[in-house]
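Enquirer: need a structure here:
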Amino acid sequence: MTSLPSKELILKRLKKHIRYEGNHWLWVSSTRKGDYGVIGIENRQYTVSRLVLAVYLGLDYYDYSWQANHKVECQIPRCCSPACLYKGTHSENVQDSVKLKTQHWASKTHCPRNHEYTPENTIHYVNPYTGVKQRQCIICNRELGKIRQKKYQEKRGKAIRDAG
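Expert: Residues are numbered from 1 along each chain as shown. Purely as a prediction, here's the structure:
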């Protein structure tokens, strides 16, 4: 099992790359997609906000049942202040983004084939693999079902002809 470097080493390395602005601790070094901080310590790369929560709250960095989420009051990706973060789940993070109207899919009014998402034309379901609530266009769902059925029948017909 991989363990984190010492708390002292982590804090020493983090403090070199943080600019303090009021309650915010702004990461001024390397970032990944979305402008979230990353740091290399002892030849390993760590996500800064997750590392901060693990160190300050005594959490297991390698327990992937949680993630470091920004509180609704602080939507600065580079902020890594423990006061602006909370231990949460992906689902809670998505719910926060819906509240803030920053969730990409929640603002969509039409499906990719330009059918409007109306109550009559929308199926809401929970994805069995991710547990995330999703929606689907009924018109597209029907069209896809017809295409799948046609392919199945063609494949089945060919199998029957080949067998005969």
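
Enquirer: Could you pull out the helices in the protein for me?
Expert: Using DSSP state H, the helices of the chain run over 7-15, 48-57, 90-99, 138-163.

Enquirer: which of the ones you listed sits most buried?
Expert: Highest mean neighbour count among these (mean count of other C-beta atoms under 10 Å): helix 48-57, with a mean of 21. For glycine as for every other residue, the C-beta is placed from the backbone atoms N, C-alpha and C.

Enquirer: Find the nearest non-adjacent residue to the residue nearest the centre of the chain, please.
Expert: Nearest residue to the geometric centre of the chain (C-alpha atoms, centre = their mean): His90, 5.6 Å. Closest residue to His90 apart from its sequence neighbours, by C-beta to C-beta, 6 or more residues apart in numbering: Gln67 at 6.2 Å.

Enquirer: Near the one you found, how many other residues are there?
Expert: By other C-beta atoms under 10 Å, 17 other residues sit near Gln67.

Enquirer: Below-threshold pLDDT in this protein: ranges please.
Expert: 1, 159, 161, 163-164 (pLDDT under 70).

Enquirer: Could you double-check that the residue nearest to His90 lies in contact with Gly88?
Expert: Yes. Contact criterion C-beta atoms under 8 Å: Gln67 and Gly88 qualify, at 6.3 Å.

Enquirer: Would you mind giving the domain segments of this structure?
Expert: 1-102, 108-164 (automatic domain parsing).

Enquirer: ok, Cys137 to His124 distance?
Expert: 12 Å (C-beta to C-beta, to the nearest Å).

Enquirer: give me every residue that touches the closest residue to Leu11 other than its chain neighbours.
Expert: Leaving aside its chain neighbours, Leu11 sits nearest to Val55 (6.8 Å; criterion: C-beta to C-beta, 6+ apart). Counting by C-beta atoms under 8 Å, 6 or more residues apart in numbering, Val55 touches Leu4, Lys7, Ile10, Leu11.

Enquirer: and these as CSV, adding distance to Asp162?
Expert: Shown next, in CSV, are the contacts of Val55 (distance: C-beta to C-beta, whole Å):
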residue, distance to Asp162
Leu4, 60
Lys7, 67
Ile10, 64
Leu11, 69
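
Enquirer: ok, so of these, who is nearest Pro119?
Expert: Nearest to Pro119 among these is Leu4, at 48.7 Å by C-beta to C-beta.
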